[in-house]
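# Quick one, structure for this:
(one chain, ligands or ions: 1)
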Amino acid sequence: MGMVPVRCFSCGALVGHKWEEFERRIKAGEDAGKVLDDLGVRRYCCRSILLSHVEVIDDVLKYFIKPMGDKREREGEREEENERERE
Ligand SMILES: [Zn+2]
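As a prediction, this is how the structure comes out:
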């Protein structure tokens, strides 16, 4: 679930093998458009596949980072505020 397709849905070009480098460079703060150019992903259909997966990954990361805070929020907001102040 949520993995990058091996091929572009629209044109059938191979994109899956480019994802790893793309993701790594995006996380390192590089410009997405520039990385796609470097990887030779020039068609918009292919670019949008990789770009949309960055957003998916970001959403997923949010859920991995948040769970502890969410639990506290349900049990009592005061507790959560105390924890934030300690930081
Ligand atoms: Zn394509």
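
# Give me the pLDDT value at Asp59.
Per-residue confidence for Asp59 comes out at a pLDDT of 69.

# That should have said Arg25, apologies.
Value for Arg25, per-residue pLDDT: 94.

# Quick one: residues contacting it.
By CB atoms under 8 Å, 6 or more residues apart in numbering, the contact list for Arg25 reads Val35. Quick note: C-beta positions are derived from backbone N, CA and C, even for glycine.

# what secondary structure does it sit in?
helix (DSSP: H, G, I helix; E, B strand; the rest coil).

# Next, find the distance separating it from Asp31.
Computed as CB to CB, to the nearest Å, the Arg25 to Asp31 distance reads 9 Å.

# go on, Glu21?
Taking CB to CB, one finds Glu21 at 14 Å from Asp31.

# do the same with Gly12
Relative to Asp31, and taking CB to CB, Gly12 is found at 27 Å.

# And Cys46, by the same measure?
17 Å.

# So the two - more neighbours on which side?
Cys46 (23 against 10; other CB atoms under 10 Å).

# The more buried one touches Phe9, doesn't it?
No - using CB atoms under 8 Å, Cys46 makes no contact with Phe9, being 9.3 Å away.

# Spell out which residues of this structure are next to the ion.
8, 10-11, 13, 43, 45-46 (CB under 5 Å from the ion).

# Lovely, talk soon.
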